[in-house]
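Colleague: pasting the structure only:
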Ligand code: UT7
């Protein structure tokens, strides 16, 4: 019997309309367009406005678009995994909300939190469920409303993040296409450098936590940068050499978009030319779980069946990893 692999058979991305540009940020905090652009590669990011609108709005829009575009019957979806760091609520899972909003009546679902590596972790998890024969149709969503946990008086973090996300459909493939390898890592000692202090069970919300602004992203930028730049480059190189791939074999590197300089370091370690790297950080900033599906969505038309892609991410936790896949279709 032919080996079953899990292949992406459709992708859709969604970002809110409101744009927050570097010029806008110059009016809010002590920063400049030049600093943001040279240190991060970001020009603008999207912000989800509207009372009561959470990450599920982003996820549901992406899933709706995906179902329509791939002409998929919602009743045929068996599982939806939502990778997010900014769930609508502590519980229930945002996956449950998305399923209900979109009308996935026969799907079970759960959230997965691995910060910026969440989409890769979710993809690796879903792939195993397809390879085992347990499921035939899974949707993996990567979405975040980062603006809900960003302190717009803190210039060191507010320039970095944006809102957005995407969704992919995964189905079995018996022609050797799809996800062929996944390497995932985590190191909880890194949590001191990047986290959200309050709002969880260790420090529930109180008047004091709000007054001390402890519900926002806390990041020691330089420390995170040091780990991100080496770990993401190393795991990209590791999966490439483990699978006997040369730079010529790789069609695209699909990196998490946290900082253009981290992406460049990963590309250099893998000896890839610039045109083989998907980069859209300029327009969306760091959308956490949204970056990789948004890249796949924007580059889909340029991809061909059989193209070798390396997906890489690094994020809070610390978490990091890489996936090697052969793209499965022509658009
Ligand atoms: O996706 C999750 C994982 N996260 C990451 O991968 C992020 C990793 N870290 C980074 O990308 C970078 O460290 C940052 C973009 C966050 C910061 O860049 P940096 O080159 O490491 O800057 P820095 O933190 O060393 O700060 C340099 C200077 C400081 O001023 P002094 O102390 O030299 O006077 C900062 O206060 O830049 C200052 N600064 C700013 N200046 C203008 C920090 N933020 C800003 C700002 N505008 N927005």
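Modeller: Yes, it's here. Worth saying up front: this structure is predicted, and the values here are computed from it rather than measured.
Colleague: Is residue 215 in contact with residue 149, as I believe?
Modeller: Yes: between residue 215 and residue 149 there is a contact under CB atoms under 8 Å: 6.7 Å. Quick note: C-beta positions are derived from backbone N, CA and C, even for glycine.
Colleague: Next, show the common contact partners of these two.
Modeller: residue 196 (CB atoms under 8 Å, 6 or more residues apart in numbering).
Colleague: Return the residues of the stretch 51-200 of the chain in contact with the ligand.
Modeller: By the rule CB under 6 Å from any ligand atom, the part of the stretch 51-200 of the chain lying against the ligand is 116, 155, 156, 159.
Colleague: One more pass at 8 Å, please.
Modeller: Contact residues (CB under 8 Å from any ligand atom) of the stretch 51-200 of the chain with the ligand: 115, 116, 155, 156, 157, 158, 159, 160, 194.
Colleague: care to break this protein down by domain?
Modeller: Split into domains by automatic domain parsing, the chain comes to 5-176, 180-326.
Colleague: and these as CSV, adding mean pLDDT and mean neighbour count?
Modeller: Below are the domains of the chain laid out as CSV (pLDDT from 0 to 100; neighbours: other CB atoms under 10 Å):
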stretch, mean pLDDT, mean neighbour count
domain 5-176, 98, 21
domain 180-326, 97, 19
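Colleague: does the ligand sit close to stretch 10-30?
Modeller: Yes: on the criterion CB under 8 Å from any ligand atom, stretch 10-30 is in touch with the ligand at 25, 29, 30.
Colleague: so, if you compare those, which one comes nearest to residue 183?
Modeller: Closest approach between the residues of stretch 10-30 next to the ligand and residue 183, by CB to CB: residue 25, at 35.9 Å.
Colleague: in what helix or strand does that closest one lie?
Modeller: helix 22-28 (DSSP states H and E).
Colleague: Packing partners of that helix?
Modeller: Secondary-structure packing of helix 22-28 (3 or more CB pairs under 8 Å, 6 or more residues apart in numbering; DSSP states H and E): helix 33-40, helix 155-158.
Colleague: Which pLDDT value does the model give residue 2?
Modeller: Looking at residue 2, its pLDDT reads 85.
Colleague: Run a quick neighbour tally on it.
Modeller: Residue 2 has 9 neighbouring residues, counting by other CB atoms under 10 Å.
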